[in-house]
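> quick one, fold the following:
(chains A and B, ligands or ions: 1)
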Amino acid sequence: MKPFAYARPADVAEAVRDVAAEPTAVFLGGGTNLVDHLKLGIVRPDLVVDVRTLTSRSIDDLQDGGLRVGAAVTNSELAADRRVRERYPVLAQALLAGATGQLRNLATTGGNPLQRTRCVYFQDASTACNKREPGTGCSAVGGYTRYHAVLGVPAALPDPTAPETCIATHPSDMAVALAALDAQVQVLGPAGARTVPFVDLHRLPGEDPSRDTVLEHGELITAIDLPPLPAGARSAYRKVRDRASYAFALVSVAAVASGNGDVRLALGGVAHKPWRATRAEGVLRGGPLTEDTVRAAMAAELAAAQPQPGVDSGNGFKIPLVTRTVVATLRDLEA
Amino acid sequence: MTDLLEPRAIGRDLVRRDGVAKVRGTATYAYETPVERPAYAHPVQATVARGRVTAMDTATAEGLDGVLAVLTPSTAERLASTEDREFAVLQSDEVAFRGQLIGAVVAETSELARQAADSIRVTYAEQSHDTELSADRDDLYAPGKVNAGHETDTSEGDVAAAMASADVTIEQTYTTAMYHNNPLEPHSTTALWDPAGDGHLTLWDSTQGVHPDRAAVCEVFGLAQEQVRVICPYVGGGFGSKGTPHAHVMLAAMAARALPGRPVKLALTRQQMFFLAGYRTPTIQRMQLAADRDGRLSAVAIDVVVQTSRIKEFAEQAGVPARMMYAAPNRRSTHRVAALDVPVPSWMRAPGECPGMFGPEVALDELAEELGIDPIELRIRNEPEVDPDTGKPWSSRHLVECLREGAERFGWADRPPARHRDGNWLVGTGVAASVYPTMRQARSTANLRYEDGRYVAEIGAADLGTGAWTVLPQITADALGVDVADVDVRIGDTEYPIASVAGGSSGTNTWGSALVVAARAFREKFGGSPSDGDEVAGDVDQAAQDEDHAAYAFGAQFVEARVHADTGEIRVPRLLGVFAAGRIVNPRTARSQFVGGMTMGLSMALHENSVWDPQVGQVANHDLAEYHVTVNADVGDVQAHWLDEHDPFVNAMGSKGIGEIGIVGTAAAVVNAVHRATGVRVRHLPVTLDKLLPGL
Ligand SMILES: Cc1cc2nc3c(=O)[nH]c(=O)nc-3n(C[C@H](O)[C@H](O)[C@H](O)COP(=O)(O)OP(=O)(O)OC[C@H]3O[C@@H](n4cnc5c(N)ncnc54)[C@H](O)[C@@H]3O)c2cc1C
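Numbering: from 1, shown residues only, chains lettered A, B, ... in the order given. Model prediction:
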């Protein structure tokens, strides 16, 4: 760990100015992810700007019937909110499926979607990783890929030495629910405020795996808006993991169903970003929701899926597993 | 036959004597030892798996204000003995495995030491490494002996002929994963060199044995025993990984010698524990069973392949339990080892028995299925009259009773049919047997003194959370015939008489026997009303030791497994064990050992897996977020029961070791239950959903 300056400015505007002015500066939310990274030496900022007491810690009703969740609202508070539990069970379930009570008490609405990948190589500064140190290569290819991506990756086995190679997944449960809910992210940056659709917040590695999101340096999440769901919509989150609690998803599914085949599906644990299954949604739209139609829809969604071989049998199991999990989730939702 | 104690304190569920101090946080562990002006050491580790260190740029580290010393292979002191290459820290520029210690920084704060250590730039001449264990390697070798002094290979009769002529055979390969012990308290040491005289070293070290620890340190540094004191009243778990010191203890002592008169603290980080604190080797077990239609075994064979580090041999004895478990005229066991560019493996709870009862107990289940015989009945039919390995009679063997009582308690007779479905869950039950040898170590001495109206015993024993602080007074009190409240037993310091390691589930047997000798000698010498200061020593050598019987604890484990029909997720709502482990000295602490062992066995079955990455040459998932240990949500109803077993041959307490048997057999029982639920036989641990999905 390298020493850094710690600042707690007066307001969000000052926080944004402070971070924008210092190329290595970072915002600090609950710190449950960032502090680990400071200790592991995989983030080495000169300045840490604590925003936990600056952004809003309340959940407000919006005119359109939705909710605005302040960036400092903790995961525990959000999961316990009555409006969230009643109107957006998928979100409450996703939050409660993540981490532990202690961690959720600290983790924030702004920080959770911006947590970094759990790729074991990203987290080990002694190994090559394009996301952590651009251009060094990717140790995950052919390595331990159990938690790695099968969607949004090249059709052939990626070249571990190429600077663009990254097969990491985004680990957040909450983010998968937010993707299914069509949430909107309120951002304040050096150039002013803007709104980013949640599904566009995270990006695929493209040419630059070091960037997880479209946020520019100095851009702060101030709130996340949850639009109202259609009347009668039902939603659920299903997380499949290697132990019953306190583990990241192997795969997960956030589903919102509002009748007439109008299904929104987001998948976790399968890609560099929370994966909105738009192809599957398209296949299902307007039709009946049966096991066969869901399987067909998932076959379309996963047509381009690419298993990553590796030690311990790689991650090809995710492809049947995610289909089975979607089938089970929608079946339970319809029941 | 020994002269069994009449149990008064023995058998009572007395509370832990160290419990209050631990709960209040006043029990001091090695790293917390209050010392004057401590300095802190942080290791530098190799980031290649094989090669040489050609340069270390320490300028930045040395330039930091508050850095007190930087140790590298070129500047470190030369050790007196480098024979044990695990302990030959910084003695050469050679790198034998990734994560090996290649330096250290000592600084005023732990943060600074870590920062400075991170700033050291190391240049290597890297060589290609070879870290992949496989049964097909052409360089596997037969070690001279395997762990605990067992023969490498044994053979009786003709297994091949029996296999060729049997009604039914099973021939399968089973594997267990690499596991890391991961006690809650990381390996840590506080070291202090007295600057005066020839040098005197005090180590507050988290260890399973202060005397074995001291012996290793004396050897490495060329010191006389009187020059070293090791103190360790409390241990936050070890599971074998603190049974011998590891390289960091030597590093801490070297770092402290660089600052005479100043205590130096060193604690491994959780990540470092995946490189430096030992681990259980992966095992590959080729099993052969031959039987007639009635299920009588005619052959049992196990061929085991394990790994060790190129710099030090540790050959886990995974083929050993199959030698004695069931009767069969034709038997074979072999061990072969691959020496790789990997960290040094070591003891982990029930080395040998734990992995070594996986293959055999799953194979037996496969045989039972093949024959259409109940797996309990199959085991009963192969119950040996005498120890098949040595031909000796058993001191006591109540495996059949454990199986029967377990079946009764578990409701085995009413178990659901194979592939039973309850809603979205497939349900199955499984059974497996457990075994652990009853071991006594050769050396331990206890001092017993009458002092201010109390009986005070001293022995350098260790309590790694297991209960020694509590059960040793119970034994001493019964041996003296006094109230346990009038007895103190002091442990965990080389100032006390020599004691053996807390390992091999031998502690209570060994130290307890020494205490009984001391107590009996005390009574003989001073009678019933001693005077203040009366004192005797008792030596375990003087305790009756039976050589004519094969002494083992046995057990039977029952598991209910549920597998989600859609996702393959596995849950184990019920785990039930029945053990025959001699007289139970303290039911409270014993239950903890059984339940803890079984839970660790569940963890091994479903979760634990140090995933080896041969490209990088290290454990990929080297922290507790990624290396999964079973959590509360995975553990349902765990029950440990025991028989009231009387064994007059083992020792004066009538007790057998209980610290390890709980982990033995659990994983096989889980696999057998999962098979019953799904029809899928998983032969490679851990059992994870990806291995079940193709069969669901
Ligand atoms: C052992 C363990 C298990 C876990 N298991 C799970 C799990 O199962 N599922 C799951 O989803 N998560 C899990 N987590 C992760 C946890 O949910 C995240 O660490 C947490 O949500 C991050 O929130 P935070 O507020 O603490 O973020 P921080 O650690 O403070 O920050 C995370 C990142 O976001 C940035 N940031 C923070 N706030 C803002 C803001 N307002 N605007 C812009 N940038 C910001 C920081 O600079 C940093 O890069 C686990 C974590 C641990 C340690």
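> drop to CA atoms for contacts and neighbour counts, all remaining ones
Fine.
> got the residues of the stretch 501-650 of chain B near the ligand?
When proximity is defined as C-alpha under 6 Å from any ligand atom, the stretch 501-650 of chain B approaches the ligand at residue B:625.
> check the stretch 501-650 of chain B for the residue nearest the ligand and tell me.
Using C-alpha to the nearest ligand atom, the point where the stretch 501-650 of chain B gets nearest to the ligand is residue B:625, with a distance of 4.9 Å.
> cool, the stretch 151-300 of chain A as well?
The ligand sits closest to residue A:172 of the stretch 151-300 of chain A, with a gap of 3.3 Å, by C-alpha to the nearest ligand atom.
> any idea of the pLDDT on that residue?
Among the per-residue scores, residue A:172 shows a pLDDT of 98.
> what is the burial count for residue B:614?
20 (other C-alpha atoms under 10 Å in any protein chain shown).
> quick check: it touching residue B:133?
No. With contact defined as C-alpha atoms under 8 Å, residue B:614 does not reach residue B:133; the gap is 9.4 Å.
> could you find the closest non-adjacent residue to residue B:321?
residue B:353 (5.8 Å; C-alpha to C-alpha, 6 or more residues apart in numbering or on different chains).
> contacts only, for that neighbour.
Neighbour list for residue B:353: B:317-318, B:320-321, B:435-436, B:664 [criterion: C-alpha atoms under 8 Å, 6 or more residues apart in numbering or on different chains].
> what about residue B:465, which helix or strand?
Using DSSP states H and E, residue B:465 is not contained in any helix or strand.
> wait, what's in contact with it?
Counting by C-alpha under 8 Å, 6+ apart, residue B:465 touches B:234-237.
> try 10 Å this time
By C-alpha atoms under 10 Å, 6 or more residues apart in numbering or on different chains, residue B:465 lies in contact with B:16, B:18-19, B:234-238, B:589, B:592-593.
> ditto for residue B:539
Per C-alpha under 10 Å, 6+ apart, neighbours of residue B:539: B:442-447, B:497-499, B:510-511, B:513-518.
> could you check how far the residue lying closest to it once chain neighbours are set aside is from residue B:226?
Computed as C-alpha to C-alpha, 6+ apart, the closest residue to residue B:539 that is not its neighbour in sequence is residue B:445, at 4.4 Å. Noted for residue B:445: a distance of 17 Å to residue B:226, by C-alpha to C-alpha, to the nearest Å.
> ok, the residue nearest to residue B:539 touching residue B:494?
No. The pair residue B:445 / residue B:494 is not scored as a contact, 11.6 Å apart, by C-alpha atoms under 10 Å.
> which neighbours do the two share?
With C-alpha under 10 Å, 6+ apart as the test, residue B:445 and residue B:494 both reach B:459-461.
> pull out the buried positions in the host helix or strand of residue B:520.
Residue B:520 belongs to helix B:507-526 when elements are defined using DSSP H and E. Of the residues in helix B:507-526, B:507-523 count as buried by neighbour count, 16 or more other C-alpha atoms under 10 Å in any protein chain shown.
> what parts of chain B come near the ligand?
residue B:625.
> how many residues are close by residue B:264?
For residue B:264, the count of nearby residues is 30 (other C-alpha under 10 Å).
> and the pLDDT for it?
We have a pLDDT of 98 for residue B:264.
> residues in contact with the nearest residue to residue B:354 once chain neighbours are set aside?
Excluding the flanking residues, the one nearest residue B:354 by C-alpha to C-alpha, 6+ apart is residue B:664, at 4.5 Å. Shown in contact with residue B:664 (C-alpha under 10 Å, 6+ apart): B:349-358, B:432-436, B:554-557, B:597-598, B:600-601.
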